[in-house]
Every structure is written in structure tokens, then in C-alpha cells.
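> just coords:
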Ligand code: NDP
């Protein structure tokens, strides 16, 4: 068997195009331009690239984009001041504080200070709780992107065995919660899971969000399973340069899986696309307008 490759470029382009059309409609029908503010503290090169890409995508979709940069030495009070200003700004509907934050700034305290209605990353405990009990919530972008890909690839997910490897608040737990809401039978695996390979082998849907290069081998995968590889790991090449790989050993998985997302070029691209979708959802909720479907 050779797995189908799920092309993240195609899926993310579709979500971004839809976002652009929705923004145009909101502007024409309601005079509403969704606005996204991204706060970057420090000069971590990876974070800088992420923030730049988010700004470009936001502007391309016709939204207002604001980028706030603070020095690495910024105090928690300074970061909070920015968050409070953005909370009060009616032209900003989504606030994203790029993580990680420098150690003198309490990450949880900052995330907690964001107005839950503007929390487009979906990390605020109010959104986490609302999602858990099935109320409308802002859903974290990466798992939301994975769910869109899964639904478009498989259709109805009801009754499927889903295994999510990784239990972070950013990916693993919200992913599991979204799959449960789709009526999957969900297992969350983590570093203490016994017989991880055997657990993975049960999965019709296997989501890997671990951060360990190529940990999931071909013989851990049920023949025909759909594999979503969230991992982004940089490993050295023989020529001294580096390359990106996922948490799944892609060449081995290709021989067993039914469909798989590559790294790079898979679900990573969906994160920014879903950020746009979340900003539109947030803008509609704040304006009391019926929100479009993602
Ligand atoms: P975390 O480090 O927060 O969580 C990793 C999870 O993997 C933990 O729950 C941990 O278990 C589990 N784990 C670690 N080692 C093992 C092991 N040997 N066996 C089983 N489980 C293990 O990572 P994130 O969730 O933030 O990110 C995961 C990956 O996804 C990373 O590669 C990251 O770069 C990528 N990522 C990609 C995004 C995108 O595509 N846009 C966005 C966010 C993340 P335990 O809890 O027991 O320690």
C-alpha cells in the first residue's frame, strides 16, 4: 500500500481563500474589518518568522493587522499593559501573544489577561472549559486545522478509533476533545503510556503531537489508517545543514497508512489559516453577527 499524501498547501489555501471572501462580505454588509494583533516579546528567530507570516496572511485576507514588539527585557507589567490596551481596542478582534515568553513573564498570567472573546489562540481557560463542555469557544488553531483536514479527507468521523499521542494544552488535549465531539473513540497517549506501539496500532486516526523526530514507526500504524503528523523537528543532515521531519517516520508510514500529512507541507500550514478563521469568528461574535462556518 502507498499512502495518499494530504497536501496541506491545498487545504490551507482553501481556508485562507474562504477567509478572504468572508472578510469582503463582512466589510460590504456590516462595515466590519476583522483585526488581529500579534504581540512578540524578544527576538527569538523562529517566533519572528511565525509572527511575520501571521501578519502577511492577515493582510492578504483583507484584515487589519497590528504587530507589537517588546524587548526581551520587557516586564510582565509591560506585557500586561499591551494586552489591556488591545482588549479595549474595538478595531482589534483577535489578540495573539507569541509563545514562548521570556522567563520573567508569567505565561499563564498573560494568557489569562486576554479577553476570552479575543483569544484567537484558544488558550484561555474559559475557552478550554467551554470547548470541553461543548459550548461555542475559540478553539486552538493547530488542532482545529487537523480536524478540518480529517473531516475533508474522511467525511464522517463518527465511531472511528482515534489515538492522539501527546497531551499538551496547545495540541494534544484540545485535539482529543475535538475528536470526541466528532464521536470518535479517543485515546490520549503520552510519555507514560504502556505499549505505545500497540495503542497506536488500534488507531483509524493517529495524531502525533510529541516533538520527537520520527518516533512513530511504520509497524505502529494500522494498515489504511489516516495519520496526522503535527510534529516539527529540525534534525542535522550529513552535509552539516538541517532538515525538518515530523514525529512519524514518513517513508515507513507511506507503506502502511491510507493517508498521511507530510512535514513540512502538512498541517503546519493550517495553523495560520485557522488563525484567520478564528479572527473572523471572534469579530462576528463581538459584533453580534452570525458567524460563518470555517
Ligand atoms: P509538548 O512538548 O508540550 O508536549 C509533548 C507531548 O508528547 C507530551 O504530552 C509528552 O508526554 C508527549 N511525549 C513526549 N515524549 C514522548 C514519548 N517518548 N512517548 C509518548 N509521548 C511522549 O509539545 P507540543 O504539543 O507543544 O508540540 C508537539 C509537536 O508539535 C512539536 O514537535 C511541535 O513543534 C509541534 N507543533 C506544531 C505546530 C504547528 O504545526 N503549527 C503547533 C504546535 C506544536 P508527557 O505529557 O507525559 O510529558
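Cool, the structure landed. As the structure is a prediction and not an experimental result, all values here were calculated from the model.
> so residue 252 sits against residue 218, correct?
Yes - proximity of residue 252 to residue 218 meets the contact threshold set by C-beta atoms under 8 Å, at 2.9 Å. Bear in mind the C-beta positions are built from the backbone N, C-alpha and C, glycine included.
> so which residues on the stretch 1-150 of the chain come close to the ligand?
residue 142 (C-beta under 6 Å from any ligand atom).
> and the residue of the stretch 1-150 of the chain nearest the ligand?
residue 142 (4.1 Å; C-beta to the nearest ligand atom).
> the host helix or strand of that residue packs against which elements?
Using DSSP states H and E, the element containing residue 142 is helix 141-154. Secondary-structure packing of helix 141-154 (3 or more C-beta pairs under 8 Å, 6 or more residues apart in numbering; DSSP states H and E): helix 8-30, helix 172-181, strand 205-208, strand 226-229, helix 268-287.
> who touches it?
Identification of contacts with helix 141-154 by C-beta atoms under 8 Å, 6 or more residues apart in numbering yields 6, 8, 11-12, 15, 120-122, 157, 160, 170-171, 174-175, 178-179, 182, 205, 207, 209, 226, 228, 230, 259, 261, 267, 269-275, 277-278, 294.
> now a PyMOL select for only the buried ones of the residues you listed.
A single PyMOL command selects the buried members of the contacts of helix 141-154 (16 or more other C-beta atoms under 10 Å):
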select buried, resi 6+8+11+12+15+120+121+122+157+160+170+171+174+175+178+179+182+205+207+209+226+228+230+259+261+267+269+270+271+272+273+274+275+277+278+294
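> low-confidence bits of the stretch 151-294 of the chain, can you list those?
Nowhere does the stretch 151-294 of the chain drop to pLDDT under 70.
> need the residues of it near the ligand, please.
165-168, 170-172, 189-193, 196, 209-212, 230-233, 267-268, 271.
> can you do 5 Å?
Within the stretch 151-294 of the chain, the positions near the ligand by C-beta under 5 Å from any ligand atom are 166-168, 170-171, 190-191, 209-211, 230-232, 268, 271.
> closest to residue 109 among those?
Among these, residue 170 lies closest to residue 109 (C-beta to C-beta), at 17.0 Å.
> doesn't residue 139 make contact with that closest one?
No - Residue 170 lies out of contact with residue 139 (C-beta under 8 Å); the separation is 11.6 Å.
> for stretch 134-147, give the mean pLDDT please.
Mean per-residue pLDDT for stretch 134-147: 96.
> could you list the buried residues of that stretch?
Neighbour-count burial for stretch 134-147 [16+ other C-beta under 10 Å]: 137-147.
> before we move on, what about stretch 25-35?
By neighbour count with 16+ other C-beta under 10 Å, stretch 25-35 contains the buried residues 26, 32, 34-35.
> what residue is smack in the middle of the protein?
For the chain, residue 142 is the residue whose C-alpha lies nearest the centre (C-alpha atoms, centre = their mean; 1.4 Å).
> distance of it from residue 27?
Computed as C-beta to C-beta, to the nearest Å, the residue 142 to residue 27 distance reads 28 Å.
> show me where this protein has its helices.
Applying DSSP state H to the chain gives helices spanning 8-30, 45-60, 76-88, 107-113, 125-132, 141-154, 172-181, 196-201, 250-254, 268-287.
> check which helices and strands the fifth one sits against.
Using 3+ C-beta pairs under 8 Å, 6+ apart as the contact criterion, the secondary-structure elements in contact with helix 125-132 are helix 172-181.
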